[in-house]
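**Q** sequence first, then the predicted structure, then my questions.
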Amino acid sequence: MYKSLSTGLVNIKTEGFEQTLALAGRHGYGAVGYSPDALAAEGIDTYRALDLMGRYGAIISDFGLPLRITGDDAFSDSFPRLEKSARTAAKLGIHRCCTWMMSSSNDYEFAENFRRHTRMLRLIAEVLREYDILFGVEFLGPQSILRSGKYPFIHTLAGMLELCDAVGTGNMGVMLDSHHCYCSGLRGGEFAGFIRDEKDIILVHINDDAPGVPLEEIKDSPRFYPGEPGSGGNDLRGFMGALQDLGYTGPVVAEPFSEALKGIDDNDAVAAIISESTDSVWPG
């Protein structure tokens, strides 16, 4: 496994792809998360992007799903964009695409929502499979989100893996987030008991929670970077050790919704903090 920098998740604002790669290279990241659509908006073609990756010694580890799965209309309107993004991603050597999924609904009871998501996710996964791209979906663990809708939906790792099996395309797995595992009752490396194969995990988000807070009271944020003052609720060394024991070979991305980082207006300082804090829980 390797560290990847997703600037938008750590309050870093760069002026584009080259600046992002340079920042990653200075602070020990082997990759960055970046969207093919963002490259196109910057006027960077495939050859230029590959040249820049070679120059700075960092690849693009993943990109966010360029469409919405929050409703049937939103999905239908945005689905045609997917193939173009996937085709470009494949040329750039990007083989992981991820999104997240709501854990409750005001419109659909569980069984119908499961069928809806199976249909939508299968259509997405089939397109991505044509371009040798793995598809990861994140479940949301906080009970506050589960209670926010009229009907509860998937909010555990076991449930997410059941949905992956129902999709059945062979290239779908979990975007595994330590915060969401913790909120669903899986501390540290306890998630590993549900993983059948390293291929079940497409991408990893690492972050921590405050100790002593009952699980039913934890919300989607705040979250902490490893070692941040106020953190320590989760066992991130155990979490990372379990990934190593499973043979996970993909990217690890820090996603702390940290108030402390919002007060630092220095990209290099933030990138260094996140890199060093991730190293502090990396298996030896």
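**A** Looks like it arrived, so ask away.
**Q** by mean pLDDT, flag the weakest helix or strand of this protein.
**A** Within the chain, no helix or strand scores below helix 72-78, which has a mean of 81 by mean pLDDT, DSSP states H and E.
**Q** and the next element down the chain from it?
**A** Counting by DSSP states H and E, the next helix or strand C-terminal to helix 72-78 is helix 82-91.
**Q** which residues touch that following helix?
**A** Residues outside helix 82-91 that contact it (CB atoms under 8 Å, 6 or more residues apart in numbering) are 35-37, 39-40, 46, 60, 63, 65-67, 95, 97, 124, 127-128, 130-133. In short, each C-beta sits where N, CA and C put it, glycine included.
**Q** chain neighbours aside, what residue packs nearest to residue 213?
**A** Leaving aside its sequence neighbours, residue 213 sits nearest to residue 233 (CB to CB, 6 or more residues apart in numbering; 6.7 Å).
**Q** verify the stated contact: the one you found with residue 179.
**A** No. Between residue 233 and residue 179 there is no contact under CB atoms under 8 Å: 9.5 Å.
**Q** number of nearby residues for residue 159?
**A** Neighbour count for residue 159, taken as other CB atoms under 10 Å: 17.
**Q** how about the helix or strand encompassing it: buried residues?
**A** Residue 159 is part of helix 157-167 when elements are defined by DSSP H and E. For helix 157-167, the buried set under the neighbour-count rule, 16 or more other CB atoms under 10 Å, comprises 157, 159-161, 163-164, 167.
**Q** packing partners for it?
**A** Other helices and strands packing on helix 157-167, by 3 or more CB pairs under 8 Å, 6 or more residues apart in numbering; DSSP states H and E, are helix 110-130, strand 134-138, strand 172-177.
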